[in-house]
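Trainee: Predicted model and sequence follow; I will ask about them next.
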Amino acid sequence: MDSEKQQAQSGGDEQAGRRFVYQDDELLDKGFDWVQVKRLGQYLKPYSKQIIPVIITMMIVGALTKLLNPLLIAYAIDNVLRESAPRHGDTTLLLQCVAGMLTLYVIQWAANNYRIRFTNKVGQKVIYDLRHDLFKNIQSLSFRFFDKRPAGSILVRITNYVNSLQDLFTNGVVNLMIDCVQLIGIIFILLFYNVKLGLAIIVTVPVMFMVSTRLRVLIRRSWQVVQTKQSRINAHLNECIQGIKVTQAFTQEKENMAFFDQMNLDNHKSWNRASMLNQTFNPIIEVTGAIGYCILFWFGSHLIQQEEITVGLLVAFATYIGHFWEPINRLGQMYSQMLIAMASSERIFEFIDEKPNVAESASAKALPKVQGNIELTKVEFEYEPGRKALKGIDLSVKAGESIALVGHTGSGKSTIINLLCRFYDITGGSISIDGHDIRDVTVSSLRSQVGIVLQDTFIFSGTIRDNIRFGRLDATDDEVEFAAKAVRAHEFIVNLPQGYETEVQERGNVLSMGQRQLISFARALLADPRILILDEATASIDTETELKIQEALKTLLAGRTSFIIAHRLSTIRSADKIIVLDHGVMMEQGTHEELLAQKGIYYGLIQAQYRFLREVG
Ligand SMILES: Nc1ncnc2c1ncn2[C@@H]1O[C@H](COP(=O)(O)OP(=O)(O)OP(=O)(O)O)[C@@H](O)[C@H]1O
């Protein structure tokens, strides 16, 4: 290892380690769980009458034809090839045997082919259904759910865990059944043709099975450790790429490298360990298999001498032993695959079963088209038990009024917005719109009448037109352009290389902050909500854009009830009512002039802002 790397690993680790904290993915160590098997079985139900019987038939045909071949070989040896055979040298019989073998191979090939095709079809459909259910439920979950979980852990469930089930459904289950049929068939044939020799060979089975299963568990665990290490690397990579600008600006590349190298080394070591364990598996299986062969030849020769069995049968037994280790080996593998699948499905179903915290009551009705009168009565809220984010907020807003929310950071402004949209449910008091308590109406009917423009405007990958149309999917091109013109966004859009058809990447990195805001205004205008919530961007923008945004805002807010987390003096001043929050308590409310006259918190905030503007100006 070169010195730079060594230094990186020793010197920077401690410091870098303090900055990056990653929760390891849970190790999927679970026992066999029938509840999960039954639950997964439900996903197979739609195919239980048509496709699954075909798969089972093909599987049995494939396994049986494989079992018959050694018997044909034994027959050919004992009846044609051996010197003392009754039809020694009978080419016709030999050809018939060869033709029989060929036919068996063709049947086996066709059966396997159809089985694989149908199994893949069912397997892929099951995975499709699982992903559908998972995504559908995750989308409906409330903010509280996402507050508690890092995006990475949700992604792992949708990708890694579902993939591990994909292996089970496309290969695992059917291979398991084939292996069982094959094993039972071989044991039956061995015992049927010679009980003594059969038993002598079968004795090795439990030994082989135990070794195989135990070792597989160890191997599985060690690969899970590798997976965990890789997840940490991925999380780190993701964070570093997202934060690359900050890293470069603060010249932290070396420290990041040190941390990454340590993770990389950890991963490398765990991979070596897993791979070594893996390599011990085959020799152990081979040695156990060799013992089986020794027993067969020693005891088999003895039985031939005593004329209890024929040479042909010994050859057939030898072939069966060869087929023996395959399923036993695979069963061990399958067992650990099943355990992983059990644990994966448990986690997937946890997400599928998760209920939104914002529960809709059974009697919830659709909120009729609203005017926009809003009443907050003694509203209390806590994100975590015992820590109140809002304390007894009383507020009455008439339709069409604009309310500016101001206050220090952490004072509860965004919380009021979160509660109005019912992203969280209040823990005390009530909120009503036009006299309807928002807990008594359906969430979708409420949110469809409340437009929200966030400070961190989210631009999806797609064209500018698509992004504006996100406000109302059935809007025509003309309506999209009309909305863009109304909020003064049209001008900059038509100057882009492909105008409205310009492709923007996720998060709209190629657009300026002001441009992103204008797009989100157009989006909100197109949705035409009666109530509008706006989190103003704080980033300083040039005076021209500021003026444009002010003009756009006038158009956007006209005739709507609006709540604005206000940062711009111009917005605050023109608001009908200003609410001043401090530590979750509403300290002052009134117009700009009224509050200035009070010379309270608002007066202080405005003074501070003027001072700041004078200093930077
Ligand atoms: N998801 C959350 N989980 C737990 N606590 C939260 C969460 N969101 C906010 N809080 C806490 O609730 C309080 C109010 O936060 P809120 O986001 O409403 O403040 P704010 O006035 O909007 O602040 P800012 O101006 O910085 O955006 C803060 O103490 C904050 O730490």
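Mentor: Structure received.
Trainee: near the ligand, which residues of the protein show up?
Mentor: Residues of the chain lying near the ligand by CB under 6 Å from any ligand atom: Asp147, Tyr383, Glu384, Ala389, Gly407, Thr409, Gly410, Ser411, Gly412, Lys413, Ser414, Thr415. All C-beta atoms are positioned from the backbone trio N, CA, C, and that covers glycine.
Trainee: Could you find the closest non-adjacent residue to the fifth one?
Mentor: What sits nearest to Gly407 in space, not counting adjacent residues and going by CB to CB, 6 or more residues apart in numbering, is Leu581, at 3.6 Å.
Trainee: That neighbour in helix, strand or coil?
Mentor: Here Leu581 is recorded as strand under DSSP: H, G, I helix; E, B strand; the rest coil.
Trainee: contacting residues for it?
Mentor: Shown in contact with Leu581 (CB atoms under 8 Å, 6 or more residues apart in numbering): Leu405, Val406, Gly407, Ser411, Gly412, Lys413, Ile416, Met587.
Trainee: I'd assumed the second one was in a strand, is it?
Mentor: Just to be clear, that refers to Val406. Yes: counting by three-state DSSP, Val406 falls inside a strand.
Trainee: That one touches Leu605, doesn't it?
Mentor: Yes: applying CB atoms under 8 Å as the test, Val406 and Leu605 come out as touching, 6.2 Å apart.
Trainee: Got the phi and psi for Ile533?
Mentor: Listed backbone geometry of Ile533 is phi -120, psi 130, with angles given as degrees, to the nearest 10.
Trainee: is it true that it touches Arg560?
Mentor: No: using CB under 8 Å, Ile533 is not in contact with Arg560; the gap is 10.0 Å.
Trainee: how close does Pro327 sit to the ligand?
Mentor: Using CB to the nearest ligand atom, to the nearest Å, one gets 52 Å for the distance from Pro327 to the ligand.
Trainee: circling back to that earlier point, so which of Val406 and Leu605 has more stuff around it?
Mentor: When Val406 and Leu605 are compared for neighbours, Val406 comes out ahead with 25 against 17, by other CB atoms under 10 Å.
Trainee: Report the beta-bridge partner residues of the more buried one.
Mentor: Judged by DSSP bridges, the bridge partners of Val406 are Val580.
Trainee: so what's it up against?
Mentor: By CB under 8 Å, 6+ apart, the residues touching Val406 are Lys413, Ile565, Ala566, Ile572, Ile578, Ile579, Val580, Leu581, Tyr602, Leu605.
Trainee: hmm, 7 Å instead?
Mentor: Ala566, Ile572, Ile578, Val580, Tyr602, Leu605 (CB atoms under 7 Å, 6 or more residues apart in numbering).
Trainee: which residue sits closest to the fifth one in space, ignoring its chain neighbours?
Mentor: Excluding its sequence neighbours, the residue lying closest to Tyr602 (CB to CB, 6+ apart) is Leu595, at 4.0 Å.
Trainee: who's in contact with the helix or strand containing the one you found?
Mentor: Using DSSP states H and E, Leu595 maps to helix 592-598. Applying CB under 7 Å, 6+ apart, the contact partners of helix 592-598 are Ile572, Arg573, Ile578, Val580, Glu588, Tyr602, Tyr603, Ile606.
Trainee: Filter the residues you listed down to just the ones in helices.
Mentor: Ile572, Arg573, Tyr602, Tyr603, Ile606 (DSSP state H).
Trainee: Show me just the buried residues among those.
Mentor: Ile572, Tyr602, Ile606 (16 or more other CB atoms under 10 Å).
Trainee: Need those in JSON lines (columns: pLDDT).
Mentor: Listed next are those as JSON lines, based on pLDDT from 0 to 100:
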{"residue": "Ile572", "pLDDT": "81"}
{"residue": "Tyr602", "pLDDT": "87"}
{"residue": "Ile606", "pLDDT": "83"}
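Trainee: Relative to Arg523, which of these is nearest.
Mentor: When these are ranked by distance to Arg523 (CB to CB), Ile572 comes first, at 23.9 Å.
Trainee: Any regions of the stretch 301-450 of the chain where pLDDT drops low?
Mentor: For the stretch 301-450 of the chain, residues meeting the criterion pLDDT under 70 lie at 332, 336.
Trainee: how much space between the residue nearest to the spatial centre of the chain and Asp133?
Mentor: The chain has Ile158 as the residue nearest its centroid, 2.2 Å off, counting by CA atoms, centre = their mean. According to CB to CB, to the nearest Å, Ile158 and Asp133 sit 11 Å apart.
Trainee: Assign Ala362 to one of the three secondary structure states.
Mentor: coil.
Trainee: How about Ser432?
Mentor: strand.
Trainee: where does the residue of the chain most remote from its centre land on pLDDT?
Mentor: Most distant from the centre of the chain: Ser84, at 67.6 Å, with distances by CA atoms, centre = their mean. As predicted, Ser84 sits at a pLDDT of 74.
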